[in-house]
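Colleague: fold the following for me, if possible:
(one chain, ligands or ions: 2)
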Amino acid sequence: MKIYEKAPAKINLSLDVLHKRDDGYHEVEMIMTMVDLADRLEMEELPRDTIMITSQAGYIPLDEKNLAFQAARLIKDRYDVKKGVYIHLDKQIPVAAGLAGGSSDAAATLRGLNRLWGLNIPEQELRKLGEELGSDVPFCVSGGTALASGRGEKLTYLPSPAPCWVILAKPPINVSTAEIYGALKADEIHRHPDTRQMIQSIENRDFDQMCQALGNVLEEVTLERYPQVRQLKQAMLRMGAEGVLMSGSGPTVFGLVQKESRVTRIYNGLRGFCKQVYVVRILT
Ligand SMILES: C[C@](O)(CO)[C@H](O)COP(=O)(O)OP(=O)(O)OC[C@H]1O[C@@H](n2ccc(N)nc2=O)[C@H](O)[C@@H]1O
Ligand SMILES: Nc1ncnc2c1ncn2[C@@H]1O[C@H](COP(=O)(O)OP(=O)(O)OP(=O)(O)O)[C@@H](O)[C@H]1O
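Modeller: Ligands and ions are numbered 1, 2, ... in the order given. Model prediction:
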């Protein structure tokens, strides 16, 4: 039997850091939502007790460094499953982009193996397992739109935001999340986003208010180190995106747009100096 799972990318509509914790992580307040750019996973049981990963993408690890591998090993160990699995990862989400591609693959693996092996693990428990794999994994298990606090694992679910187009553009650089959090001076943040306003805009499905409330404190660090991300933000705004923000620790920048005619214009404009541009929608 083969099992298929989609692993969508996330964007951070807002990302605030409250303080650095004693365990090295940062206490955050983020609003996250899923978009319809997704990796596709195929899972099949193997006769041998082993985990095997393949991918058409030549640039990701396929051994125990892969988050899908780690998710499979975690579920096997925790539920004492003596069976093996073959996982094929069709990567569509750019890697190290701030779009949680690896985390979403891990979450999809948890969901898929739960089905493949008939484990009946409740979704809440899958999210708890996800905490062991990474801060974004619990959110990726259930998707939707949520306020994430703690180090990202405490989730309060929100309704879907106002419908709109999302233009994603990734400059040709890879950014390490650890490096960006490591360089952030949590007690010297100049401008915190207004998380409450973002929540209100989502609840009211108010697109303009949502655009005004966009904010990400990690931008200060990434834009300083990688000027091309700042240039990309400015270009997207100039081309007419109604709201523009860097996602996660970057370098992907997203623009929110309501008018379809404007989307095509911005897409064509960006393709001039950025190879990886995607037009997607928020998953409702
Ligand atoms: C930037 C975001 O993607 C926004 O959604 C997340 O906050 C990061 O999520 P993630 O990539 O799943 O993060 P993890 O794999 O748990 O951690 C990667 C690195 O980021 C740092 N990190 C992560 C989350 C957090 N709240 N504080 C941190 O300081 C960790 O110290 C670690 O060095
Ligand atoms: N299944 C996977 N897909 C992509 N990268 C993976 C995967 N497993 C492990 N990695 C490694 O994880 C690192 C980060 O990749 P990923 O695409 O998850 O970053 P990201 O989008 O910035 O994540 P986040 O937004 O959660 O910080 C890469 O260096 C990559 O080699």
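Colleague: which parts of the stretch 51-200 of the chain sit against ligand 2?
Modeller: 60-61, 65-68, 89, 95-103, 105, 136, 177 (C-beta under 6 Å from any ligand atom). Heads up, the C-betas are built off the backbone N, CA and C, glycines and all.
Colleague: residues near Leu67, how many?
Modeller: Neighbour count of Leu67, defined by other C-beta atoms under 10 Å: 25.
Colleague: so what's the one residue in the stretch 1-150 of the chain that gets nearest to ligand 2 up against?
Modeller: Closest contact between the stretch 1-150 of the chain and ligand 2, by C-beta to the nearest ligand atom, is at Gly102 (2.6 Å). If you count contacts by C-beta atoms under 8 Å, 6 or more residues apart in numbering, Gly102 has them with Ile60, Asn66, Leu67, Ala68, Val95, Gly134.
Colleague: got a pLDDT number for His192?
Modeller: What the model reports as pLDDT for His192 is 97.
Colleague: tell me where the stretch 101-250 of the chain has helices.
Modeller: For the stretch 101-250 of the chain, the helices defined by DSSP state H, counting those that start in this stretch occupy 101-116, 123-131, 137-142, 177-183, 195-203, 207-213, 219-225, 227-238.
Colleague: so can I have JSON lines of the ones you listed showing distance to ligand 1 and mean pLDDT?
Modeller: Formatted as JSON lines, these follow (distance: least, C-beta to the nearest ligand atom, whole Å; pLDDT from 0 to 100):
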{"stretch": "helix 101-116", "distance to ligand 1": "5", "mean pLDDT": "98"}
{"stretch": "helix 123-131", "distance to ligand 1": "9", "mean pLDDT": "98"}
{"stretch": "helix 137-142", "distance to ligand 1": "6", "mean pLDDT": "98"}
{"stretch": "helix 177-183", "distance to ligand 1": "3", "mean pLDDT": "97"}
{"stretch": "helix 195-203", "distance to ligand 1": "14", "mean pLDDT": "98"}
{"stretch": "helix 207-213", "distance to ligand 1": "17", "mean pLDDT": "98"}
{"stretch": "helix 219-225", "distance to ligand 1": "10", "mean pLDDT": "97"}
{"stretch": "helix 227-238", "distance to ligand 1": "14", "mean pLDDT": "96"}
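Colleague: ok, back up a step: got a PyMOL select line for the buried ones in the residues of the stretch 51-200 of the chain next to ligand 2?
Modeller: Command for PyMOL that selects the buried part of these, burial taken from 16 or more other C-beta atoms under 10 Å:
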select buried, resi 60+66+67+68+89+96+97+98+99+100+101+102+103+105+136+177
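Colleague: just the residues of the stretch 51-200 of the chain next to ligand 2: which are in strands?
Modeller: Leu89 (DSSP state E).
Colleague: got the buried residues for the lengthiest strand in the chain?
Modeller: When the chain is parsed with DSSP E, its longest strand is strand 26-46. By 16+ other C-beta under 10 Å, the buried positions in strand 26-46 come out as 26, 28-35, 37-39, 41, 43.
Colleague: please apply the same query to stretch 198-210.
Modeller: Neighbour-count burial for stretch 198-210 flags Met198, Ile199, Ser201, Ile202, Asp206, Phe207, Met210 (criterion: 16+ other C-beta under 10 Å).
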